[in-house]
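Visitor: A predicted structure for the sequence below; I have some questions about it.
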Amino acid sequence: MPSPSRRTVLATGSALGGAAVLGAALPAQAGTAGSPQVTTAGDPWRTVLDDADLVWQKMPKTWYEGPYLGNGLLGSGIYQEPGKNAVRFNVQHSEVQDHRPEFGSLFGLARLPIGYFTLEPVGTVTALDWRLRLRTAELTGTLTTDRGTLTLRAQVDNARSVLVVEITPSAGEQDFRWVFHPADAISPRVAFKDKPAGYEGNPPAEVATYDDGVSAAVQSLLAGGEHVTAWCERTRDGDNGSRTLYVNVRHSFPKATARDKAVATVRAAAKLPYAALAVSHRAWWDAYYRKSFLSLPDARIQRFYWTQLYKVASAARRDAPVMATSGPWLEPTPWPATWWNLNVQLEYWLIHGSNHLELDAVTRALSEFRDHLTAEMAPAYRADSLGIPRTTDASLVNGGATSTAQGYGVGIPGQDPPTPEVGNLTWALHNVWLSYRHTMDESVLRDVLYPLLRKAINYYLHFLAPGDDGKLHLPATFSPEYGGNSRDCNYDLMLLTWGCRTLLESAELLGIDDESKPRWQEVLAKRVAYPTDANGFMIGADIPFAKSHRHYSHMLAVYPLYELTGRTTDERALIERSLAHWVGFEGALQGYTFTGAASMSALLGKGEDALKYLGELMTRFIQANTMYKESGPVIETPLSAAQSLHDMVCQSWGGVVRVFPALPAAWADLAVHDFRTQGAFLLSAVRENGATRWVRLVSEAGAPCVVRHGIPGGAIEVRDGRGQRLRYADAGEGAIRIELAKGESALVTAAGDRPDLRVAAVAPNADAPRWGLPA
């Protein structure tokens, strides 16, 4: 198929934002001639969200089993206090960290545990019935004891960042109590690795109670500053004996100003009852979910998907720190930092298709802390190069780590130590590029992507050199996380290629006559071929892929870069061979192995294989509450599984929007609405009885529109938002090219068809157990 040029694909315009007005009829088409109108049947968001609620009828024993609440900053995980007749409500915060860079990002700049509350009933717990209501982001239910019941509802208030827990006791449980347990303010890594010489924990927290009943646990830090947990409990007349706990956490550095802010926040929140606080909280979540819609007939996967949308909004905000390995919910972990060699990238992929760019902390952080990235480079390269360490704190600093036990800095090709892992910034900037492509916001391209990518690629150019074969080669670098360094490492060659191509196209769009243009062109013309052998892609020229390995760093050109997509028979065979060889080694495979394999299968149009890999993930790795663990909690894998589902439903790489490109046969019915694609289009489409019934695209930026619609039967009609016919051109292989200006829409149907354009929840093929711990 003749694809649009890369320059056409990248053409820019201003983003409009694109969220649907919640609950309203949405412009598209009615079922008869005239102005097309897409509407919703009832309230499909309520249908799918209520169906996706997690339930507990058994006591969760660990973090991986229990409910969780959050707003990108404050997080609470809820489960039984180990060995006690009590329920733990963890209190953790994504901004709370240490500030001793001399001990590296994993100790001296590590996230710090804060503490937890225990809900301690009068009687012995005999039963519980809890529901995590995704639609309102609240935990509700009852805890039954041999003395009575405790009826609870809890939220982490979105705007105020306050944990609010209302407990209504029966007569025998009126004397239940809350107890706060401050944690030791020391890196969680000390439970897994030896401490650096001279590193000790911070002093114990000091707890004080004010005359109005507000308490504060003040955790002073050896480096200066503090984090403070403030709380109080209130009882109101006419509330049936209900008591409400209000909790806020603040962090300040270098000044000790957190206490006053935390106490003031709790006092203000405590003036309002739970129900009053819930009004704005529920409104935010309602509007959040209504920015997009997806329904499919696999009940278990559909519930999982909507839980990931809940999870990512509980863990991320544009102005919050980039998600660390466990999100805001810090638990015992050897990884109390932000990880940039896969974790961050996978954590944020689902925000694009689901139309949630308001959660994009990656673009914001890389822009805000670019000077820190300069400081992380070896002095000889700071003038014109950038990189990002494998591990950083919230401000993208690795600190003075002297060993990999303390943190992983930016390596230098051809040298070891430090480990020469140098491609992580370029990969992170691919996420920024995705944010640009899904919004066509030129300011992202001009102010963030281009200047940072230019320096990231320039770092490679210091080391790229011609060999005896006349090709350009890289000295030995490290491919995450295989082990060993190799010349012409595929991880770096693939990122270098994508980076040079993107810089050339971006410079043309921005009208920049960059002096480095000839060098970028030379790289694309003379770069050595990606090392391969009979089994497919190698790690690099010196290292074959010969052992079980969870990471797909050696295959980035396939996914997510889409530089190699199977355009030719040989290229497709190489991808298939490499994929089979990679997943064929059992032993070290982990959850994100299977999300990557699912997305690569979707690229090849193999929906059955993609579903098989997602099934392996669900069966082998996903925990009861949809969380995931390796040596500790890591959040990226379930979130990337949502992106694998996106890749089955829609792909928009290379300037073509592909509708339903890799659906298994069992998914005969499917509905998607306001799915955001590259080019800043909002896609709505419905599949019925195994065939695409209709497709609608709304253009937010006026970018070129090429869509592979998948509507069977040959002849089609394309109409605008007023029901008038639109001209289109055949782009080959089932794709058409439509001229759409900014703000215009196109509806594609079979010729003469006037389908019902209501978006509704799809009926499940079969029942499935809910997530959580149902009876």
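Guide: On my side now, so go ahead. What you are looking at is a predicted structure, and each value in this text was computed from that prediction instead of being measured.
Visitor: what about dumping the CA coordinates of the host helix or strand of residue 304 to PDB?
Guide: Secondary structure from DSSP states H and E places residue 304 in helix 299-315. In PDB, the C-alpha atoms belonging to helix 299-315 read as follows (Å, rounded to 0.1, in the frame of the first residue of the first chain):
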ATOM      1  CA  ALA A 299     -15.900  -9.900  30.600                       C
ATOM      2  CA  ARG A 300     -12.700 -10.500  32.400                       C
ATOM      3  CA  ILE A 301     -10.500  -8.500  30.100                       C
ATOM      4  CA  GLN A 302     -13.100  -5.600  29.900                       C
ATOM      5  CA  ARG A 303     -13.200  -5.400  33.700                       C
ATOM      6  CA  PHE A 304      -9.400  -5.500  33.700                       C
ATOM      7  CA  TYR A 305      -9.200  -2.700  31.200                       C
ATOM      8  CA  TRP A 306     -11.400  -0.300  33.100                       C
ATOM      9  CA  THR A 307      -9.500  -1.100  36.300                       C
ATOM     10  CA  GLN A 308      -6.300   0.000  34.500                       C
ATOM     11  CA  LEU A 309      -7.900   3.300  33.600                       C
ATOM     12  CA  TYR A 310      -8.900   3.700  37.300                       C
ATOM     13  CA  LYS A 311      -5.400   2.700  38.400                       C
ATOM     14  CA  VAL A 312      -3.500   5.100  36.100                       C
ATOM     15  CA  ALA A 313      -5.600   8.000  37.200                       C
ATOM     16  CA  SER A 314      -5.100   7.000  40.800                       C
ATOM     17  CA  ALA A 315      -1.300   6.900  40.200                       C
END
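Visitor: which strands and helices sit next to it?
Guide: The contact analysis (3 or more Cβ pairs under 8 Å, 6 or more residues apart in numbering; DSSP states H and E) places helix 299-315 against helix 44-52, strand 68-70, helix 274-289, strand 293-295, helix 350-353, helix 607-620, helix 636-649. Placement of C-beta: from N, CA and C, glycine included.
Visitor: got the angle for the first one vs helix 274-289?
Guide: Angle of helix 44-52 versus helix 274-289, following axes from the mean of the first three to the mean of the last three Cα atoms, to 10 degrees, is 110 degrees.
Visitor: to the chain's geometric centre, what's the distance from stretch 43-59?
Guide: Relative to its parent chain, stretch 43-59 has a centroid offset of 21 Å by Cα atoms, centre = their mean, to the nearest Å.
Visitor: First-to-last residue distance for that stretch?
Guide: End-to-end distance for stretch 43-59, by Cα to Cα, to the nearest Å: 32 Å.
Visitor: that older thread, mind putting the helices and strands packed on helix 299-315 into JSON lines with mean neighbour count, distance to residue 660 and mean pLDDT?
Guide: Output for the helices and strands packed on helix 299-315, formatted as JSON lines (neighbours: other Cβ atoms under 10 Å; distance: least, Cβ to Cβ, whole Å; pLDDT from 0 to 100):
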{"stretch": "helix 44-52", "mean neighbour count": "19", "distance to residue 660": "18", "mean pLDDT": "97"}
{"stretch": "strand 68-70", "mean neighbour count": "26", "distance to residue 660": "32", "mean pLDDT": "98"}
{"stretch": "helix 274-289", "mean neighbour count": "17", "distance to residue 660": "22", "mean pLDDT": "98"}
{"stretch": "strand 293-295", "mean neighbour count": "24", "distance to residue 660": "12", "mean pLDDT": "98"}
{"stretch": "helix 350-353", "mean neighbour count": "25", "distance to residue 660": "13", "mean pLDDT": "98"}
{"stretch": "helix 607-620", "mean neighbour count": "19", "distance to residue 660": "9", "mean pLDDT": "97"}
{"stretch": "helix 636-649", "mean neighbour count": "26", "distance to residue 660": "6", "mean pLDDT": "98"}
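Visitor: export those to JSON lines and tack on distance to residue 400?
Guide: As requested, the helices and strands packed on helix 299-315 are exported to JSON lines (distance: least, Cβ to Cβ, whole Å):
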{"stretch": "helix 44-52", "distance to residue 400": "45"}
{"stretch": "strand 68-70", "distance to residue 400": "32"}
{"stretch": "helix 274-289", "distance to residue 400": "40"}
{"stretch": "strand 293-295", "distance to residue 400": "46"}
{"stretch": "helix 350-353", "distance to residue 400": "33"}
{"stretch": "helix 607-620", "distance to residue 400": "38"}
{"stretch": "helix 636-649", "distance to residue 400": "27"}
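Visitor: okay but residue 249 is in contact with residue 94, surely?
Guide: No - using Cβ atoms under 8 Å, residue 249 is not in contact with residue 94, being 9.9 Å away.
Visitor: Identify each buried residue in stretch 51-65, please.
Guide: 51-56, 59-60, 62-65 (16 or more other Cβ atoms under 10 Å).
Visitor: Also stretch 206-214?
Guide: Going by neighbour count (16+ other Cβ under 10 Å), the buried part of stretch 206-214 is residue 214.
Visitor: Export only the CA atoms of that stretch, formatted as PDB.
Guide: Extracted as PDB, the C-alpha positions of stretch 206-214 are listed here (Å, rounded to 0.1, in the frame of the first residue of the first chain):
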ATOM      1  CA  GLU A 206       7.600  12.900  66.400                       C
ATOM      2  CA  VAL A 207       3.900  12.900  67.000                       C
ATOM      3  CA  ALA A 208       2.000  15.900  68.500                       C
ATOM      4  CA  THR A 209      -1.700  16.500  69.000                       C
ATOM      5  CA  TYR A 210      -3.300  20.000  69.000                       C
ATOM      6  CA  ASP A 211      -6.100  21.300  71.200                       C
ATOM      7  CA  ASP A 212      -8.700  20.800  68.300                       C
ATOM      8  CA  GLY A 213      -7.800  17.100  68.100                       C
ATOM      9  CA  VAL A 214      -5.600  17.300  65.000                       C
END
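Visitor: residues making contact with it?
Guide: Stretch 206-214 has contacts (Cβ atoms under 8 Å, 6 or more residues apart in numbering) with 180, 182, 215-218, 220, 230-234, 263, 266-267, 270.
Visitor: wait, which of the buried residues of stretch 51-65 is closest to residue 472?
Guide: Checking those against residue 472 by Cβ to Cβ gives residue 64 as the nearest, at 46.7 Å.
Visitor: Surely residue 713 touches residue 749?
Guide: No - Residue 713 lies out of contact with residue 749 (Cβ under 8 Å); the separation is 10.2 Å.
Visitor: Name the residue in the two with the higher neighbour count.
Guide: residue 749 (22 against 10; other Cβ atoms under 10 Å).
Visitor: Quickly note the distance from the more buried one to residue 709.
Guide: 9 Å (Cβ to Cβ, to the nearest Å).
Visitor: Also residue 352?
Guide: As judged by Cβ to Cβ, residue 352 and residue 709 stand 21 Å apart.
Visitor: ditto for residue 735
Guide: 8 Å.
Visitor: Give me the more crowded residue out of those two.
Guide: Legend: neighbour count by other Cβ under 10 Å for residue 735 and residue 709, higher for residue 709 (23 against 20).
Visitor: where in the stretch 51-200 of the chain is pLDDT low?
Guide: Applying pLDDT under 70 to the stretch 51-200 of the chain flags no residue at all.
Visitor: can you map out the strands along the stretch 651-775 of the chain?
Guide: Ranges of strands within the stretch 651-775 of the chain are 657-659, 670-677, 681-688, 691-699, 705-708, 716-719, 728-732, 735-738, 745-750, 758-759, 772-773, based on DSSP state E, counting those that start in this stretch.
Visitor: Please convert those to JSON lines, extending it with distance to residue 622 and mean pLDDT.
Guide: Formatted as JSON lines, those follow (distance: least, Cβ to Cβ, whole Å; pLDDT from 0 to 100):
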{"stretch": "strand 657-659", "distance to residue 622": "27", "mean pLDDT": "98"}
{"stretch": "strand 670-677", "distance to residue 622": "22", "mean pLDDT": "98"}
{"stretch": "strand 681-688", "distance to residue 622": "26", "mean pLDDT": "98"}
{"stretch": "strand 691-699", "distance to residue 622": "30", "mean pLDDT": "97"}
{"stretch": "strand 705-708", "distance to residue 622": "31", "mean pLDDT": "98"}
{"stretch": "strand 716-719", "distance to residue 622": "40", "mean pLDDT": "97"}
{"stretch": "strand 728-732", "distance to residue 622": "39", "mean pLDDT": "96"}
{"stretch": "strand 735-738", "distance to residue 622": "35", "mean pLDDT": "98"}
{"stretch": "strand 745-750", "distance to residue 622": "36", "mean pLDDT": "97"}
{"stretch": "strand 758-759", "distance to residue 622": "28", "mean pLDDT": "90"}
{"stretch": "strand 772-773", "distance to residue 622": "12", "mean pLDDT": "98"}
